[in-house]
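# With the input below, show me the fold.
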Amino acid sequence: MQRHEIFELVLIVLSVLCVYPFGDVLPMQLELGRLLLYLSAILLLQGLLRDCYLLTIRRKQSAGNIRQAMRCLCAESTLGWIGIIIGAALMGFDLAMLLVLSVHWWAVMVFTVLAIGFAGKNFVFAWRPLRIIYDPDHINIVVKWR
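A predicted model of the protein is given here:
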């Protein structure tokens, strides 16, 4: 395990612990669509922060290491955007399922989302042919759509 991965795991634990002091501010009743939007935004933010960090430390290392272009998308980003779309659709179609939450549920949900993001950070969904690729260095893949 690399140093930045250990640092990310420590940040995940600290993020979950930070949920408890904000328990009075967090909504205790929330619609499913809005909750899905919030959790998906956390997943996307985690990926964005990780990618920005990796880009800054690998700028010199990966300058000559550009790989062939692929039709793909990071699994973490794909899950985040699917959650955003489903959450927005639930809200847009007014399919309100009201959930009653506690600060402990918030902590569990934040931990689960961040753990999924950490576990899925090295996977890429590729199409043509449709497959899931394990690539810990997919920051160097040039994404193409056609």
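
# Give the buried residues for the helix or strand hosting Trp106.
For Trp106, the enclosing helix or strand under DSSP states H and E is helix 103-119. Buried residues in helix 103-119, counting neighbours by 16 or more other C-beta atoms under 10 Å, are found at Val103, Trp106, Ala107, Met109, Val110, Phe111, Val113, Leu114, Ile116, Gly117, Phe118. For the C-beta atoms, the positions are set from N, CA and C on the backbone; glycine is no exception.

# Just the strands from this structure, written as ranges.
Counting by DSSP state E, residue ranges of the strands within the chain are 29-31, 69-70, 72-74, 98-100, 123-126, 131-134, 142-143.

# Would you mind listing the buried residues in the helix ranked longest in the chain?
Counting by DSSP state H, the longest helix found in the chain is helix 32-58. Neighbour-count burial for helix 32-58, counted by 16+ other C-beta under 10 Å, picks out 32-40, 42-44, 46-47, 50.

# swap in stretch 125-132?
Within stretch 125-132, the residues that count as buried by 16+ other C-beta under 10 Å are Phe125, Ala126.

# Convert the C-alpha atoms of the helix holding Trp106 to PDB, please.
Below are the C-alpha coordinates for helix 103-119, written out as PDB (Å, rounded to 0.1, in the frame of the first residue of the first chain):
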ATOM      1  CA  VAL A 103     -26.300  10.700  13.100                       C
ATOM      2  CA  HIS A 104     -25.200   7.100  13.300                       C
ATOM      3  CA  TRP A 105     -26.800   6.300  10.000                       C
ATOM      4  CA  TRP A 106     -25.100   9.400   8.500                       C
ATOM      5  CA  ALA A 107     -21.700   8.100   9.700                       C
ATOM      6  CA  VAL A 108     -22.400   4.600   8.300                       C
ATOM      7  CA  MET A 109     -23.500   6.000   4.900                       C
ATOM      8  CA  VAL A 110     -20.500   8.400   4.700                       C
ATOM      9  CA  PHE A 111     -18.200   5.500   5.600                       C
ATOM     10  CA  THR A 112     -19.800   3.200   3.100                       C
ATOM     11  CA  VAL A 113     -19.600   5.700   0.200                       C
ATOM     12  CA  LEU A 114     -16.000   6.600   1.000                       C
ATOM     13  CA  ALA A 115     -15.000   2.900   1.300                       C
ATOM     14  CA  ILE A 116     -16.700   2.100  -2.000                       C
ATOM     15  CA  GLY A 117     -14.800   5.000  -3.600                       C
ATOM     16  CA  PHE A 118     -11.500   3.800  -2.200                       C
ATOM     17  CA  ALA A 119     -12.100   0.200  -3.200                       C
END
